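>>> For reference, the sequence and a predicted model appear below.
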Amino acid sequence: MRGSRAAAVVSLCGALTTAFVARDVSRVLVQPRRVARSTMEMKVFDWKRREADESGQIRVDSQEFRVDNIRGAPGSRKKRTRKGRGIAAGQGATCGFGMRGQKSRSGRPARPGFEGGQTPLYRRVPKYVGRPMGPGHKTEIFSLIKLDHLATLQDGSEVDYSSLLDSGTITKSKYPIYKVVGSKVDDLKLPSGLTVKAHAFTKSAKAAIEAAGGTCVYLHKRTGDVLETDLEAA
């Protein structure tokens, strides 16, 4: 019994040895590499375009694109999602916003720029220091010199803000540019021959000074120098 088993094992080993003999590699034929198909032959994964009839589509090589014949490919324009129209639409009930929380409530949950309580971006970035020069920052604020202040002067006087301040006629001003304005008194009488120096004059103030034989002298708003040509009344 033992001898028959040993003979069977020996025969099986011999069969396995002959079965795993290495083949001649030179006889193995090299299979040619498969060439990928062109883009036009590849499968279109958009089911709308696969099932659509594109026989009437415009081909680049045979048609000229114009406004009246160009159109989008089937499936390129997606219909908007209708929310809150039942669970069959995919976005019913809560419309994708969940059931609880601040972001599920109606209205805007937080103001623009709010970052949950941390310092927002518009407060973290540095700010430019200096006078703004953009739109909305062109307004000029003048210190006013009224015609009532000039009515107390003598005829032929030459007056400006400094002389009025020294004489105590007006008080100290906040702004460095000065404008002569009219008076609420209709029959105000000005001294004759006044020479008034200021950065700007209103039309009524200039007319009143010149009617009394005076002269309006315009000053430069930055340097304070006398301008050679008179400006139009502000």
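Structure received.
>>> only C-alpha atoms for contact and neighbour calcs from this point on.
Noted.
>>> With only the CA atoms kept, save stretch 94-102 in CSV.
Below are the C-alpha coordinates for stretch 94-102, written out as CSV (Å, rounded to 0.1, in the frame of the first residue of the first chain):
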residue,chain,number,x,y,z
THR,A,94,-36.5,71.9,3.7
CYS,A,95,-35.0,72.7,0.2
GLY,A,96,-31.6,71.4,1.2
PHE,A,97,-31.2,73.8,4.2
GLY,A,98,-31.8,71.2,6.9
MET,A,99,-34.4,71.2,9.7
ARG,A,100,-32.8,73.4,12.4
GLY,A,101,-30.2,76.1,12.9
GLN,A,102,-29.8,79.7,12.0
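>>> For the nearest residue to Gln91 once chain neighbours are set aside, which residues are in contact?
Distance criterion CA to CA, 6 or more residues apart in numbering; nearest residue to Gln91, sequence neighbours excluded, is Lys83 at 5.0 Å. Counting by CA atoms under 8 Å, 6 or more residues apart in numbering, Lys83 makes contact with Ala89, Gly90, Gln91, Gly92, Cys95.
>>> of those residues, buried ones?
Listed as buried from those are Gln91, Cys95; burial here means 16 or more other CA atoms under 10 Å.
>>> Is the residue nearest to Gln91 in a helix, a strand, or coil?
coil (DSSP: H, G, I helix; E, B strand; the rest coil).
>>> now swap in Thr169 and tell me
Thr169 ends up coil, using three-state DSSP.
>>> Hmm, His149 and it touching each other?
Yes. Using CA atoms under 8 Å, Thr169 makes contact with His149 at a distance of 6.3 Å.
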